[in-house]
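K.L.:
have a look; sequence and predicted model below, questions after that.
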Amino acid sequence: MSQPTTRMLTRIKAVYLFIREEGPVSTSVIADEFDITERTAQRDLNILAYNDLVKSPSRGVWSITKKKVKIS
């Protein structure tokens, strides 16, 4: 895997763990926490949502789903 891909996957995993610990949290809180733009945070969240790991029941506020995840 390329360096940027590895870095992105590491960040996405960290975002998921952050939401699991702190959630529900807004997109802007995630952007601030990880020192990324809101657009980048949104892309990461879209990947997590696509994989049914997070959901946004109210616009822009994220929480994890009940899907079981094994973190390695």
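P.N.:
Nice, I can see it.
K.L.:
how about the helices in the chain?
P.N.:
Taking DSSP state H as the criterion, the chain contains helices spanning 3-22, 27-34, 38-50.
K.L.:
for the shortest one, packing partners?
P.N.:
This means helix 27-34. helix 3-22, helix 38-50 (3 or more Cβ pairs under 8 Å, 6 or more residues apart in numbering; DSSP states H and E). The way it works is simple: take the backbone N, C-alpha and C, and place the C-beta from them, glycine included.
K.L.:
elements contacting the lowest-mean-pLDDT helix or strand in the chain?
P.N.:
Taking mean pLDDT, DSSP states H and E as the measure, the helix or strand of the chain with the lowest value is strand 54-58, at a mean of 90. If you count contacts as 3+ Cβ pairs under 8 Å, 6+ apart, strand 54-58 packs onto helix 38-50, strand 61-64.
K.L.:
contact partners for the residue positioned nearest the centre of the chain?
P.N.:
Nearest to the mean C-alpha position of the chain, by Cα atoms, centre = their mean, lies V15 at 3.8 Å. For V15, the contacting residues are 30, 34, 41, 44-45, 48, by Cβ atoms under 8 Å, 6 or more residues apart in numbering.
K.L.:
try 7 Å
P.N.:
Counting by Cβ atoms under 7 Å, 6 or more residues apart in numbering, V15 touches 30, 34, 44, 48.
K.L.:
show me which positions of stretch 45-62 end up buried.
P.N.:
Buried residues in stretch 45-62, counting neighbours by 16 or more other Cβ atoms under 10 Å, are found at 45, 47-48, 53-55, 62.
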